[in-house]
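> Would you be able to build a 3D model of this:
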Amino acid sequence: MSDEFSVDDIKEEEDEPEEEKFEAEEIVINLWRTSLHGAEIGLKREIERAAKSRQFTKEMEETGDITFKDKNRKEIVGINLGFFNTDGNSPLGKKYGKDADKNRRIVVKTFSALTEGGGGRWTGSIEQSLTESLVLSAGERDALPAFIVNIPGYDFLTRIVRSHTMTGQRYVFPLIDEKTNETRIFEISAARMALGSDFKVKEVATGKKVADIDGKLLDFGGKWNIKLKDKELYANRIFRRILILFTCVTKWLPEANETLQKLLKALKKGYKFDPTGNEISLFRNPRRLRR
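Have a look, this model is predicted:
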């Protein structure tokens with residue numbers, strides 16, 4: 001399994017021209033079940049995409065698409081099955097055996113759509129930190145997944161964490177301005193009667209709703225509409241990308257919660273938690289590395 005946060009890979013892609021600046025009020029994310037579309041995409045297409053971006057590793061599988069409404073722009077969603085599949089022949093199965101289901105985590109990336117002579121560039125990643133999720137979950141005795149967002153050309157890694165609630169779901173994340181370091185906090189909360197597929201986004205300081213995420217889970221996948229309501233924010237590529245990546249992982253939140261519950265239960269019975277090496281790299285001290 002490759003290092004999802006390889007410094008060399010990220011630097012190479014950030015040297016490419018910055019993502020086009022544009023406004024997008026509505027974004028549609030359509031996710032399908034990976035096994036249905038693997039044959040249609042074909043090996044040739046995967047090889048083509050891998051050649052465009054080193055972030056599209058051999059374990060990645062296309063699992064959906066993104067449409068920016070009223071814009072001539074589409075993107076592809078991929079999930080790294082090397083961290084998710086738990087059968088005996090998978091990387092997790094080979095490393096953990098019967099305990100593979102206690103170590104699965106979500107790693108999703110987005111890429112610009114392939115076109116004739118272009119496209120296929122990495123536009124962002126969201127990776128579940130199983131270690132950080134476990135720390136939060138142990139403290140609250142509840143499954144609280146934590147995710148790390150990485151966006152090319154942005155100086156900060158953004159953490160999205162689930163906070164403890166009596167009912168529903170609530171996630172929080174910061175938006176840090178690269179020039180001023182001004183930090184704004186946003187909350188993503190699930191509609192109580194929507195079974196976790198609909199969310200509203202508001203800024204904590206003002207209480208103002210800045211976006212809706214309307215979702216519909218289907219037997220073969222799901223479809224989500226992101227509607228941004230604040231002009232400043234729907235022109236902000238970092239805020240927009242954070243919401244896109246969070247929405248992409250909502251399909252697998254039930255599996256994330258199930259994994260954490262199994263892991264917590266196993267720890268109380270003496271299970272030794274040994275996360276994959278590349279996840280541990282997320283905890284290395286960057287100040288020490290700069291010496």
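
> Could I get the full set of strands for the stretch 151-291 of the chain?
In the stretch 151-291 of the chain, the segments counted as strands under DSSP state E, counting those that start in this stretch are 158-163, 170-176, 183-190, 199-203, 209-218, 221-228.

> from the chain's centre, how far out does the fifth one sit?
Relative to its parent chain, strand 209-218 has a centroid offset of 16 Å by CA atoms, centre = their mean, to the nearest Å.

> now swap in stretch 100-116 and tell me
For stretch 100-116, the distance between its averaged C-alpha position and the chain's averaged C-alpha position is 8 Å (CA atoms, centre = their mean).

> Give me the buried positions along that stretch.
Within stretch 100-116, the residues scored as buried using 16 or more other CB atoms under 10 Å are 100-114. (Glycine included, C-beta is placed from N, CA and C.)

> What sits closest to Lys74 if chain neighbours are left out?
Counting by CB to CB, 6 or more residues apart in numbering, the nearest residue to Lys74 once its immediate chain neighbours are dropped is Ala113, at 4.2 Å.

> From Leu130, how far out is that neighbour?
30 Å (CB to CB, to the nearest Å).

> Kindly report the same for Asp65.
Asp65 sits 27 Å away from Leu130, going by CB to CB.

> give me the low-pLDDT residue ranges for the stretch 151-291 of the chain?
Low-confidence regions of the stretch 151-291 of the chain, defined here as pLDDT under 70, cover residues 166, 191-196, 219-220, 288-291.

> tell me the mean pLDDT over stretch 67-84?
Model confidence over stretch 67-84 averages 88 on the pLDDT scale.

> Thought Leu218 was touching Asn30, still the case?
No - at 9.7 Å, Asn30 does not count as touching Leu218 under the criterion of CB atoms under 8 Å.

> Can you give me the end-to-end span of stretch 54-67?
From the first residue to the last, stretch 54-67 extends over 23 Å; the measure is CA to CA, to the nearest Å.

> Just the element for Val135, please.
Assigning secondary structure by DSSP states H and E places Val135 in helix 130-140.

> Can you list the strands that the helix or strand following that helix pairs with?
Per DSSP H and E, helix 130-140 leads on to strand 146-150 as the next helix or strand towards the C-terminus. According to DSSP bridges, strand 146-150 forms sheet pairs with strand 122-128 (antiparallel), strand 158-163 (antiparallel).

> Which one of those strands lies nearest to Phe56?
In terms of CB to CB, the element of the strands paired with strand 146-150 nearest to Phe56 is strand 122-128, at 7.3 Å.

> ranges for the helices of this protein?
For the chain, the helices defined by DSSP state H cover 7-14, 34-52, 91-96, 130-140, 231-234, 237-249, 253-267, 277-280, 286-289.
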